[in-house]
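Chemist: Quick one, what's the 3D model for this:
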Amino acid sequence: MPNRRTFLKTSLLGLPLIASERAFGQKPAEQKFKRPVVVSTWDSGIRANAAAWKVLENKGRALDAVENAAKSAEDEVSCCVGLDAYPDRDGYVTLDASIMDEKANCGSVVFLQHIKHPISVARKLMETTKHVFLAGDGAMQFAVENGFERMPDRLSPDAEKAWKEWLKKSDYKPVINIENRKPVSLKSPSSPAFFPNGAANHDTMGTIALDAAGDLSGACTTSGMAFKLHGRVGDSPIIGAGLFVDNKVGAATSSGVGEEVIRICGTHLIIELMRFGYPPENACMEAVRRIAARDPAAARDLQVGFVALGKSGDVGAYSVLKGFTYSVTNGEINKTFEAKSLFK
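Modeler: Next comes the predicted model:
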């Protein structure tokens, strides 16, 4: 006969899944992919996934795969998460990145300047020190001392022109779903997106992967919102906000207005919901609903998207507004999907 403690434990374990089904009315459309599999935010995630897949298809480690994906994005001019990205309002490009492995080891760098691959600096920090988080000049000093080249001060030609155009009005208004907008180039289609009205933008590449051994890892890299306040840091480098991995449960990442993700510890929330039975899509949906509930009127003018990958290869995503996409690659598929959204 079960005692009180056993009874309570059994009862509580059954509640979250029941609650998730009742809360959302129906079960989500199941997306389950054979491992190894890699998932990245946005259409441009296809390019990031290609870099990750070179590792995964050879039974490599998920950690190496997500670092490769992030480095690919940092190198890609049109992705705008690296040194070619738009600057802050004072004309400086500052980069943030985080990485996390299957053992909950993690590293983050924020407000990093002049270094081409902040994701690799974050990994070096994770693997060679007892620290998790480095910022600004200290992060750059650590990078240089560990062999990373300090790149010269510069703005890309398109970024400089966009910044100077923005200065005419100094109107700070993020453009929704800009990561998927086709660039209006000053020179060529491969140039970074340029908006003649000087509207601000943001770009983030979040990647989560499940390798052949069944281990999870994640990486997130960003230049933050263009024309942001000098020193501003968003959710991308914050473990539990823009990225979280629990090897027993899953991994999650986000993109969009980072301040809103920070307020709810978005990716940590998603993983905890998944731990208690929520499918990835429903967990992402609940995180989005919490963002919207804080200020429903304001939520219709901002975008946040979450994507999550479960331990068994199940994938789900959800966003505040229509237009958030994510890309999935494994041995059978290489495709971009549009997430369901709270508002159209």
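Chemist: Please make it C-alpha for all contacts and neighbour counts, starting now.
Modeler: Noted.
Chemist: Looks to me like residue 272 is in a strand.
Modeler: No. If the criterion is DSSP: H, G, I helix; E, B strand; the rest coil, then residue 272 is helix and not within a strand.
Chemist: Skip the chain neighbours and tell me the closest residue to residue 63.
Modeler: residue 217 (5.2 Å; Cα to Cα, 6 or more residues apart in numbering).
Chemist: Per-residue pLDDT of residue 96, please?
Modeler: For residue 96, the pLDDT comes out at 98.
Chemist: The residue nearest to residue 63 sits in which helix or strand?
Modeler: Under the criterion of DSSP states H and E, residue 217 resides in strand 216-225.
Chemist: what do you get for residue 337?
Modeler: strand 334-338.
Chemist: in that strand, what's buried?
Modeler: 336, 338 (16 or more other Cα atoms under 10 Å).
Chemist: For residue 112, name its beta-bridge partners.
Modeler: Beta bridges link residue 112 to residue 95, judged by DSSP bridges.
Chemist: Isn't it up against residue 119?
Modeler: No. Residue 112 is beyond contact range of residue 119, at 10.6 Å (criterion: Cα atoms under 8 Å).
Chemist: quick revisit: could you check how far the strand holding residue 217 is from the centre of its chain?
Modeler: 5 Å (Cα atoms, centre = their mean, to the nearest Å).
Chemist: quick thing: my sequence starts at 19, can you match it?
Modeler: Understood, numbering begins at 19; the last thing we discussed is strand 234-243.
Chemist: Mind listing residues that contact the strand holding residue 355?
Modeler: 60-61, 64, 341-347 (Cα atoms under 8 Å, 6 or more residues apart in numbering).
Chemist: would TSV of those residues with pLDDT and secondary structure be doable?
Modeler: Compiled in TSV, the contacts of strand 352-356 are given as follows (pLDDT from 0 to 100; DSSP: H, G, I helix; E, B strand; the rest coil):
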residue	pLDDT	secondary structure
60	95	coil
61	94	coil
64	96	helix
341	95	coil
342	96	coil
343	97	strand
344	97	strand
345	97	strand
346	98	strand
347	98	strand
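Chemist: Could you check how far residue 304 is from residue 269?
Modeler: 16 Å (Cα to Cα, to the nearest Å).
Chemist: and what of residue 285?
Modeler: For residue 285 relative to residue 269 (Cα to Cα), the value is 8 Å.
Chemist: Which residues are in contact with each of those two?
Modeler: 261-262.
Chemist: circling back: was I right about the residue nearest to residue 81 contacting residue 119?
Modeler: Yes. Applying Cα under 8 Å, one finds residue 235 in contact with residue 119, separated by 4.4 Å.
Chemist: of those two, who's got more company?
Modeler: residue 235 (33 against 27; other Cα atoms under 10 Å).
Chemist: Find residues that contact each of residue 235 and residue 119.
Modeler: 80-81, 263.
Chemist: which one of the residues you listed has the most neighbours?
Modeler: Ranked by neighbours (other Cα under 10 Å), the shared contacts of residue 235 and residue 119 are led by residue 263, which has 32 neighbours.
Chemist: Leaving out sequence neighbours, find the closest residue to that residue.
Modeler: According to Cα to Cα, 6+ apart, the nearest residue to residue 263 is residue 269 (4.2 Å).
Chemist: and that neighbour, how many residues sit next to it?
Modeler: 32.
Chemist: tell me which residues form a beta bridge with it?
Modeler: Beta-bridge partners, per DSSP bridges, of residue 269: residue 263, residue 327.
Chemist: For it, give me its contacts.
Modeler: Residue 269 touches 226-227, 234-236, 261-263, 285, 289, 326-328, counting by Cα under 8 Å, 6+ apart.
Chemist: Give me the pLDDT for it.
Modeler: Here, the pLDDT recorded for residue 269 equals 98.
Chemist: Could you measure from it over to residue 154?
Modeler: Distance from residue 269 to residue 154, by Cα to Cα: 27 Å.
Chemist: the helices in the protein, which residues?
Modeler: Here the chain has its helices, by DSSP state H, at 22-42, 63-74, 80-93, 136-146, 154-163, 175-185, 276-282, 284-293, 298-312, 314-317.
Chemist: Quick one: mean pLDDT for the first one?
Modeler: Spelled out, that is helix 22-42. 43.
Chemist: Now that residue 277 has come up, it's in contact with residue 253, right?
Modeler: Yes. Using Cα under 8 Å, residue 277 is in contact with residue 253, at 6.5 Å.
Chemist: ok now do residue 81, which residues does it touch?
Modeler: So residue 81 contacts 118-119, 227, 234-236 (Cα under 8 Å, 6+ apart).
Chemist: so which of the residues you listed comes closest to residue 103?
Modeler: residue 236 (22.0 Å; Cα to Cα).
Chemist: and the gap between that closest one and residue 327?
Modeler: 10 Å.
Chemist: then stretch 226-243 to PDB, C-alphas only?
Modeler: The C-alpha coordinates for stretch 226-243 follow below in PDB (Å, rounded to 0.1, in the frame of the first residue of the first chain):
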ATOM      1  CA  ILE A 226      20.400  23.700 -30.600                       C
ATOM      2  CA  ALA A 227      21.600  20.200 -31.500                       C
ATOM      3  CA  LEU A 228      21.100  16.600 -30.500                       C
ATOM      4  CA  ASP A 229      24.100  14.400 -31.600                       C
ATOM      5  CA  ALA A 230      24.300  10.700 -32.400                       C
ATOM      6  CA  ALA A 231      25.200   9.800 -28.900                       C
ATOM      7  CA  GLY A 232      22.000  11.500 -27.600                       C
ATOM      8  CA  ASP A 233      23.700  14.500 -26.100                       C
ATOM      9  CA  LEU A 234      22.400  18.100 -26.400                       C
ATOM     10  CA  SER A 235      24.200  21.400 -26.700                       C
ATOM     11  CA  GLY A 236      23.300  25.000 -27.700                       C
ATOM     12  CA  ALA A 237      24.800  28.200 -28.900                       C
ATOM     13  CA  CYS A 238      23.500  31.700 -29.400                       C
ATOM     14  CA  THR A 239      25.300  34.700 -31.000                       C
ATOM     15  CA  THR A 240      24.200  38.200 -31.700                       C
ATOM     16  CA  SER A 241      25.100  41.800 -32.400                       C
ATOM     17  CA  GLY A 242      22.100  42.900 -30.500                       C
ATOM     18  CA  MET A 243      19.600  45.500 -31.600                       C
END
